[in-house]
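J.: Any chance you can model this:
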Amino acid sequence: MKLGELARQLGAELRGDAEVEVTGVRGIEEAGPSEITFVANPRYTALARTTKAAAVLVEPEFQEIAAATLRIKNPYYAFSRALGIFYQPPVYPAGVHPTAVVHPTAQIGAGAHIGAYVVIGPAVRIGPGATILPHVVLYPGVQVGSHFFAHAHSVVRENCVLGDYVTIENGAIVGADGFGFAKNDEGRWEKIPQSGPVRIGSRVDIQANACIDRATIGATEIGDGTKIDNLVQVGHGSRVGKDTLVCAQTGLAGSSIIGNNVILAGQVGIAGHCSVGDGVILTAQSAVSHDVPAGKMISGSPGFDNRIWLRAVTIFQRLPELLKRLDRLEKQIAKQVAAQSPTTPADEKSE
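T.: Residues are numbered from 1 along each chain as shown. Modelled structure (predicted):
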C-alpha cells in the first residue's frame, strides 16, 4: 500500500513521500524502510529521530524528524487501525462441523461458523454472524446477540445473556457457580444454589481464562464496552459498568459494584459489597475494602489517595536513613541534657 493511501484511510496529515510502499507495522526500534510505527509516549521521542521506519504516526504538534510523519490526534488508536489494515485474521466459513452437537431446539442465526466438537444445548439462541470455535460449550437457555466470537474451550453456562459483538477468548467461563456456601447445624459447609445468570452487554471482550460467576439471586452484570483481561475473577452478583477496563489477575469479591469508565489495573482486589464510582483508577496491586467516590485515583493496600501514597512510598524508602538520623539526634540530645544537669557540691552532701 502506498503511504499516501494509508494516510487517506487513517485520516492523517502526511508529511513525506506519498509514493513510498508500506507493507506492515512494527515497533519503533524494529521497524524497517517499508513499515510504519508510532510515538504516543514522550519517552520514545528520541527514538523517532533515529528510526528506520518509512513513517511515524505522531500527534499534530510533533517536531519535524527525518522520517515521514503521519500526523493525527490519537496516534496510538491510528496505529491499531493500521494493524487492522495489514493484519488479516483467519476467516471461518459459514457452516456446522459434522462433529458439533447442536440441540434441535437451538436457534442459530445466519452465517454462523460452528467448529468441531462444539456443544450447543437446548433453547440456545444465537444471533447472526457468530463464530464458535472447537470445544466451545453453550449450556441450555443461553442467549447471544449478533457477531458472537467464542474461541476454543470457552464456556457459557445456563441462561446467561450476551449482547452483540461479544468476544470470549480461550478458556474463559461465563456463568460458573458463585462461591457461595453456608454452614449447616452440624457445622459443615453446604452449597448455596447459584440461581442467577450473567448478563453481558454489547462490545464486551473477555480474555483468556477469565471467570465471571453467576449470582446467588438476581444477576451478575457487565456493561457495554467493558474489557476484561486474562485471569480476572468477577464474583457472584457483581455489577461492572460501561467502558470499564479490568486488567489481569484482578479480583472482584461478590456483590462488588464498579462504575463506568473505571480502570482496575493488574492484581487489584475489591472486597465484597464495595462500590467504586465512575472514572476511578485503582493502580496495580491496590486493594480496597471501602467505597471509593467517583473520580478518585487510589493506590496501595489498603488503598488510599494516590498522591498521598506516592509521598508515603518515598518516605518508606528513606526509613533506614531517617532511623540513623533519629538515633544520632537522640544521642546528641542525651549528651546535651547530661551536660546541662546541675552537679551537687560536696559540702551540700556533708550536710
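J.: Chain neighbours aside, what residue packs nearest to residue 129?
T.: residue 147 (4.3 Å; CB to CB, 6 or more residues apart in numbering). All C-beta atoms are positioned from the backbone trio N, CA, C, and that covers glycine.
J.: Next one: that neighbour from residue 200, what distance?
T.: Taking CB to CB, to the nearest Å as the measure, residue 147 and residue 200 are separated by 14 Å.
J.: same question, residue 136
T.: 15 Å.
J.: between these two, which one's more packed in?
T.: Applying other CB atoms under 10 Å to residue 136 and residue 200 shows that residue 200 carries more neighbours, namely 28 against 24.
J.: and residue 91, how many neighbours?
T.: Residue 91 has 7 neighbouring residues, counting by other CB under 10 Å.
J.: ends of stretch 139-149, how far apart?
T.: Terminal residues of stretch 139-149 lie 16 Å apart, using CA to CA, to the nearest Å.
J.: no wait, stretch 160-171
T.: 17 Å.
J.: Chain neighbours aside, what residue packs nearest to residue 202?
T.: residue 163 (3.4 Å).
J.: and residue 230, how many neighbours does it have?
T.: By the criterion of other CB under 10 Å, residue 230 has 17 neighbours.
J.: was I right about it contacting residue 209?
T.: Yes: counting by CB atoms under 8 Å, residue 230 does reach residue 209; the two are 5.8 Å apart.
J.: I'd like the distance between residue 29 and residue 36.
T.: With distances taken as CB to CB, residue 29 is found 14 Å from residue 36.
J.: out of these two, which sits in the busier spot?
T.: Comparing residue 29 with residue 36 by other CB under 10 Å, the one with more neighbours is residue 36, at 31 against 12.
J.: Contacts only, for the residue nearest the centre of the chain.
T.: Using CA atoms, centre = their mean, the residue of the chain that lies closest to the mean C-alpha position is residue 247, 2.6 Å off. Going by CB atoms under 8 Å, 6 or more residues apart in numbering, residue 247 touches 229, 232, 263, 264, 265, 266, 268, 284.
J.: correct me, but the second one touches residue 250?
T.: Yes: shown here, residue 232 and residue 250 form a contact pair, counting by CB under 8 Å, at 5.1 Å.
J.: related to what we said a few turns ago, how many residues are close by the residue nearest to residue 202?
T.: 20.
J.: So what does it look like in phi/psi?
T.: phi -80, psi -160 (degrees, to the nearest 10).
J.: OK, contacts around it?
T.: Residue 163 touches 145, 200, 201, 202, 203, 204, 224, counting by CB under 8 Å, 6+ apart.
J.: Surely the third one is in contact with residue 228?
T.: No: assessed by CB under 8 Å, residue 201 is found out of contact with residue 228, at 11.8 Å.
J.: Looking at those two, which one has more neighbours?
T.: Set side by side, residue 201 and residue 228 show more neighbours around residue 228, with 29 against 22, by other CB under 10 Å.
J.: is the more buried one in a bridge, and if so with what?
T.: Beta-bridge pairing for residue 228 (DSSP bridges): residue 206, residue 246.
J.: That one: what's it in contact with?
T.: 204, 205, 206, 207, 210, 212, 222, 234, 240, 246.
J.: now do 10 Å
T.: Counting by CB atoms under 10 Å, 6 or more residues apart in numbering, residue 228 makes contact with 168-169, 172, 174, 200, 204-207, 210-212, 222, 234, 240, 244-248, 250, 264.
J.: got any ranges where the stretch 201-350 of the chain has weak pLDDT?
T.: The stretch 201-350 of the chain contains residues with pLDDT under 70 at 343-350.
J.: which residues are contacting the helix ranked longest in the chain?
T.: In the chain, with assignment by DSSP state H, the single longest helix is helix 319-340. Contacts to helix 319-340, defined as CB under 10 Å, 6+ apart, come from residues 315, 316, 318.
J.: mind running it again at 6 Å?
T.: Residues outside helix 319-340 that contact it (CB atoms under 6 Å, 6 or more residues apart in numbering): none.
J.: Residue 88: what secondary structure?
T.: Put simply, residue 88 is coil when judged by DSSP: H, G, I helix; E, B strand; the rest coil.
J.: Can you get me a residue count around residue 85?
T.: Neighbour number of residue 85 under other CB under 10 Å is 15.
J.: Am I right that it is in a helix?
T.: Yes: the assignment for residue 85, made by three-state DSSP, places it in a helix.
J.: Leaving out the residues flanking it, which one is nearest to it?
T.: Closest residue to residue 85 apart from its sequence neighbours, by CB to CB, 6+ apart: residue 9 at 6.6 Å.
J.: and that neighbour, what element?
T.: helix 3-10 (DSSP states H and E).
J.: how far is that helix from where the chain is centred?
T.: Centre-to-centre, helix 3-10 and its host chain are 31 Å apart (CA atoms, centre = their mean, to the nearest Å).
J.: neighbouring strands for whichever helix or strand comes after that helix, and are they parallel or not?
T.: Reading on from helix 3-10 to the C-terminus, the next helix or strand found by DSSP H and E is strand 13-15. When pairs are called by DSSP bridges, strand 13-15 turns out to pair with strand 68-71 (antiparallel).
J.: Determine how far the partner strand lies from the middle of the whole chain.
T.: For strand 68-71, the distance to the chain centre is 30 Å (CA atoms, centre = their mean).
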